[in-house]
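# sequence first, then the predicted structure:
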Amino acid sequence: MQSDDKTGKLSVVGIGPGGMAQMTGRAVEAIREAEYVVGNAFYLDQIAPLLPGKQVVRSSMGREVDRAKACIDLARDHRVVIVSGGDPGIYGMASIVLEVLDRAGETVDWEVVPGVTASCAGASLLGSPLSGDHVTLSLSDLLTPWEEIEHRLDLAFQMGVPIVLYNPKSHGRPENLGRALAIAARHLPPETPVGLVRNAYRDGQETATTTLGALAEDDGAVDMRTAVFIGGKETFAMKDGGMLTPRGYGRKYVY
């Protein structure tokens, strides 16, 4: 899948939450090696210092399929990077790029370069709320029917593990978070810790902790750029305001 020569390679690169300091070394290297960099304008702006001398192809939300086709066409003869926010394999561009590639029967050399996804970035700012098993779910029903999302939410909250909600609320679907919190309330007490991280490692970064009951009463602090961390049965609020889910060392060791 990978090539060491200087032509005809497609790299699907996760740029992490947004700050250059959170990009992996390979992500920076792949972009520096590229002739073409393709991406959503929002994410290209975050890596602007790496773009001088590159052919930059800007796109917009909702044009992911066109973006995937364009980068595959270019990668037949050029070294191409298509950037994805967070990790490209988690709600990112890797799946649609490889799906288009596979359906077309193309033989382009490719690689997927991992990045720091929003759940990891946000968790680091809250403390350690995802120490063991956990679930991530997107509340966007643009590609997944809402009935299926509700089904997954109900099953996930039954497990009692921490859950991270991506895309919790937008202008077009302001009610989805409230619906998800109502499902959570069937299985978790209202005092369950909840963390909110908006714009992790970007300008305008904000973090807050609250409870499931309080957030259900007022979710005005949440928008599309917020990751919502709903604690599991063992999650607790730390004395300094952080959020922690024990890994389980207390069951085995005395400390």
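The structure has been received and is ready for your questions. Numbers count the residues shown, from 1 in each chain.
# tell me the strands in the stretch 1-150 of the chain, going along the chain?
Applying DSSP state E, counting those that start in this stretch to the stretch 1-150 of the chain gives strands spanning 9-14, 36-40, 55-59, 79-84, 109-113, 127-128, 135-138.
# would you tell me which of these gets closest to Tyr201?
Smallest distance to Tyr201 across the strands of the stretch 1-150 of the chain (CB to CB): 13.3 Å, for strand 9-14. For glycine as for every other residue, the C-beta is placed from the backbone atoms N, C-alpha and C.
# so which elements touch the closest one?
Strand 9-14 sits against helix 25-33, helix 64-75, strand 79-84, helix 94-104, strand 109-113, with contacts defined as 3 or more CB pairs under 8 Å, 6 or more residues apart in numbering; DSSP states H and E.
# alpha carbons of the second one, as CSV, please.
Just to be clear, that refers to helix 64-75. Extracted in CSV, the C-alpha atoms of helix 64-75 (Å, rounded to 0.1, in the frame of the first residue of the first chain):
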residue,chain,number,x,y,z
GLU,A,64,-16.6,14.9,0.7
VAL,A,65,-17.3,12.5,-2.2
ASP,A,66,-16.1,15.1,-4.7
ARG,A,67,-13.0,15.7,-2.6
ALA,A,68,-12.3,12.0,-2.4
LYS,A,69,-12.6,11.6,-6.2
ALA,A,70,-10.4,14.7,-6.9
CYS,A,71,-7.5,13.5,-4.6
ILE,A,72,-7.6,10.0,-6.2
ASP,A,73,-7.4,11.4,-9.7
LEU,A,74,-4.4,13.6,-8.7
ALA,A,75,-2.7,10.7,-6.9
